[in-house]
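**Q** Okay, here's the prediction I keep looking at, along with the sequence it came from:
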Amino acid sequence: MVLESLRQWGSKFVWALLAVVLLSCVPLWAQQEPSANRAQQEPPANQAEESSSPAFAGTTGSIPAAIGDYYGSAPASPAGDATTDLPIRAIGSASLLDATSHLHWGDFSIGTFSYRQAFGSIVPTNGIGTGGRSNASFFSTSLMYDKKFRGSRLALQYQPRASVLNGQFTSGLLNQNLQFDTYYMLGPRWTLSVGDRLIYVKDQDLVGETLLSSDATTSTTLQNDFVRGPGAFLNESVHGSLAYAWSQRTRLSVTPTFAYSRETGKLVLNNGTLSSRIYGVQTEIAHALSARTSIGATQNVQLITSVGAFGNTFYEQYGVNMSHQVGASWWVHGSFGAASSDLGSGRQWTESATASVNKAFKLSSVALAYYRGQPISGYITNQLGERVDVTYGRSLSSRFNIMVGAGYERNISTLSRIWGKYVTGHASYRLTRSINFLGDYVLKLQRGSDALIFTGRENVASIGLEWNPRPVQ
């Protein structure tokens, strides 16, 4: 079979590409040897930018996140940039972290405060579970600690969210998002990054969430989860990535990962609690062919264990990727490979692929992201899936901006049928230099053939205010 043959040449291709890259670097080394100063020169100023991969997932190109909760695609980066910029992605966003704020104390700062009043309902369509809601108020903020010191950077980001439902304050925080990242320059060629992210989701609400985040400056797209289970979902993922700059154009990296997920609720199997652990390691080689084009190859293996949901599953994926900068604000990224998982009935192979397009115009922007591989999910699973998202944003004036988006995700396994789709709309009007009036709408439908998925509909509109103490650019 074609997919089985992909597995056989997958590893060989990685090593073959490595050999080609090394041979292409020989002339470069020969030119650098006569002068020590040349070896220390900075990369060209117009060299392709560092790809902003998920800081806690350690993934780039066609490799999915270790926990499958979200996926970010970005072009493979030249080796030199990682040791210079020390990039860290903002929590839940495709943009790089910017801790600049008028409301700060040393390295600690407060990003935003937001209030939203939501009207609508979340209703199960299969008659199982509870639903319905007349109105709810949501309060959220973002706290940051960003410390930069010689050759290193440490960042801690926290986004708590609370709610008042039908006039009563819900016990505990509704959703929480905590992310820790650090970069260390171990030497002129070596960098070490360590990251940890904790996500806690208590309900099905998508009010105020960005399901597809894009940034034409960093040429990155980020798909956040929207298909969720019937109960509360907790996930913590840890990664450590060791990268070596083989040359100014080539980078090698090894990234071990670990993730723990837990799902609780009355509708979940195994007496209301399910859990899983994922142990993985990814190897990657990235090479810049020019200032606009880069290629890469990846290999990813994972062992997924579970209590109450499924047995042990061994997952592996091989892929090659390519990125090209069409214009100053137009990036195209694509990857293709093979992925497999053992679901108890024998190992099954299928295609894995990603594609993303980022384009910024004078008054508008568009982003498209496609992914096929390990699901981007807010529930526990060991199966494979695919997803596509698209967004379009436009500035109607210097104060008024709108954005619309849509997405679809499905499980490609024959063991269970899981799918979800959504449509979102967002409007923002700047009242003052730091206060915006917000309007949001989300319609989500999802369905699953087992008890791991909430089957129902979310139809919610919201209005609110956001205070951003960051200085206006």
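**A** Nice, thanks for sending it over.
**Q** Where in the protein is the helix or strand with the lowest mean pLDDT?
**A** Across the helices and strands of the chain, mean confidence by mean pLDDT, DSSP states H and E is lowest for helix 36-39: a mean of 35.
**Q** name the helices or strands packed onto the helix or strand harbouring Ser428?
**A** If you go by DSSP states H and E, Ser428 is part of strand 418-430. When contacts are defined as 3 or more CB pairs under 8 Å, 6 or more residues apart in numbering; DSSP states H and E, strand 418-430 packs onto strand 400-411, strand 435-448. Heads up, the C-betas are built off the backbone N, CA and C, glycines and all.
**Q** Could you dump those strands into TSV and include distance to Asn358 and mean pLDDT?
**A** TSV is the format used below for the helices and strands packed on strand 418-430 (distance: least, CB to CB, whole Å; pLDDT from 0 to 100):
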stretch	distance to Asn358	mean pLDDT
strand 400-411	14	94
strand 435-448	23	91
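**Q** Make a markdown table from those strands and add mean neighbour count and distance to Arg161 to it.
**A** Output for those, formatted as a markdown table (neighbours: other CB atoms under 10 Å; distance: least, CB to CB, whole Å):
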| stretch | mean neighbour count | distance to Arg161 |
| --- | --- | --- |
| strand 400-411 | 18 | 20 |
| strand 435-448 | 18 | 14 |
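**Q** of the ones you listed, which approaches Asn321 most closely?
**A** Closest of those to Asn321 is strand 400-411, at 21.3 Å (criterion: CB to CB).
**Q** Can you show me the CA trace of that closest one as CSV?
**A** Output of strand 400-411 as CSV, limited to C-alpha atoms (Å, rounded to 0.1, in the frame of the first residue of the first chain):
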residue,chain,number,x,y,z
PHE,A,400,-14.2,50.2,13.8
ASN,A,401,-13.0,46.7,13.0
ILE,A,402,-14.9,43.5,12.2
MET,A,403,-14.0,39.8,11.7
VAL,A,404,-15.9,36.7,10.7
GLY,A,405,-14.8,33.1,10.8
ALA,A,406,-15.9,29.5,10.2
GLY,A,407,-14.5,26.1,10.9
TYR,A,408,-15.2,22.3,10.6
GLU,A,409,-13.6,19.4,12.3
ARG,A,410,-14.3,15.7,12.1
ASN,A,411,-12.9,12.3,13.2
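**Q** Identify the residues contacting it?
**A** Contacts with strand 400-411, where a contact means CB atoms under 8 Å, 6 or more residues apart in numbering, come from 211-212, 223, 226-227, 375-377, 381, 383-396, 417-430.
**Q** Can you list the strands that it pairs with?
**A** According to DSSP bridges, strand 400-411 forms sheet pairs with strand 385-395 (antiparallel), strand 418-430 (antiparallel).
**Q** just so I know, which of those strands lies nearest Met185?
**A** For Met185, the closest of the strands paired with strand 400-411 is strand 385-395, at 34.7 Å, according to CB to CB.
**Q** Now do the buried residues in the closest one.
**A** 385-391, 393 (16 or more other CB atoms under 10 Å).
**Q** Over to stretch 114-130?
**A** 114, 116, 118, 120, 122, 124, 129.
**Q** Throw the strands paired with strand 400-411 into a markdown table and include distance to Phe258 and mean pLDDT, thanks.
**A** Below are the strands paired with strand 400-411 laid out as a markdown table (distance: least, CB to CB, whole Å; pLDDT from 0 to 100):
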| stretch | distance to Phe258 | mean pLDDT |
| --- | --- | --- |
| strand 385-395 | 22 | 94 |
| strand 418-430 | 25 | 93 |
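**Q** Export these as TSV, with columns for distance to Arg189.
**A** Below are the strands paired with strand 400-411 laid out as TSV (distance: least, CB to CB, whole Å):
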stretch	distance to Arg189
strand 385-395	36
strand 418-430	43
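**Q** quick one, which of those is nearest to Ile463?
**A** Short answer: strand 418-430, nearest of those by CB to CB, at 9.3 Å.
**Q** angle of that closest one against strand 435-448?
**A** Computed by axes from the mean of the first three to the mean of the last three CA atoms, to 10 degrees, the angle separating strand 418-430 from strand 435-448 equals 170 degrees.
**Q** Next, count neighbours for Ile91.
**A** For Ile91, the neighbour count with other CB atoms under 10 Å is 23.
**Q** On the pLDDT front, check it for me.
**A** We have a pLDDT of 87 for Ile91.
**Q** could you point out where the stretch 251-400 of the chain is predicted with low confidence?
**A** Within the stretch 251-400 of the chain, the stretches with pLDDT under 70 are 265-272, 308-309, 343-346, 376.
**Q** do the same with the stretch 1-150 of the chain
**A** Using pLDDT under 70, the flagged stretches of the stretch 1-150 of the chain are 1-86, 126-134.
**Q** still on that earlier bit, buried subset of the contacts of strand 400-411?
**A** Listed as buried from those are 211-212, 223, 226-227, 375-377, 381, 383-391, 393, 418-422, 424, 426-428, 430; burial here means 16+ other CB under 10 Å.
**Q** and of the helices and strands packed on strand 418-430, who's closest to Tyr244?
**A** Closest approach to Tyr244 among those (CB to CB): strand 400-411, 35.5 Å.
**Q** what distance separates the closest one from the middle of the whole chain?
**A** In terms of CA atoms, centre = their mean, to the nearest Å, the centre of strand 400-411 is set 15 Å apart from its chain centre.
**Q** Could you do stretch 460-468 as well?
**A** Mean-position distance between stretch 460-468 and its chain equals 24 Å (CA atoms, centre = their mean).
**Q** Also stretch 360-378?
**A** Using CA atoms, centre = their mean, the offset of stretch 360-378 from its chain centre is 10 Å.
**Q** Could you pull out the buried residues of it?
**A** 360, 365-378.
**Q** Closest to Ser93 out of these?
**A** Of all those, Ala367 has the smallest distance to Ser93: 12.7 Å, by CB to CB.
**Q** For that closest one, give me its contacts.
**A** Contacts of Ala367 (CB under 8 Å, 6+ apart): 212, 214, 216, 221, 356-359, 389-391.
**Q** what's the neighbour count on Phe314?
**A** Other residues near Phe314 come to 13 when the count uses other CB under 10 Å.
**Q** for the closest residue to it other than its chain neighbours, what are its contacts?
**A** Nearest residue to Phe314, sequence neighbours excluded (CB to CB, 6 or more residues apart in numbering): Asp342, at 5.2 Å. Listed by CB under 8 Å, 6+ apart, the contact set of Asp342 reads 313-314, 348.
**Q** Over to Trp467?
**A** Contacts of Trp467 (CB under 8 Å, 6+ apart): 112-114, 434-435.
**Q** Next, give me the two most distant ones among the residues you listed.
**A** Ser114 and Ser434 (12.2 Å).
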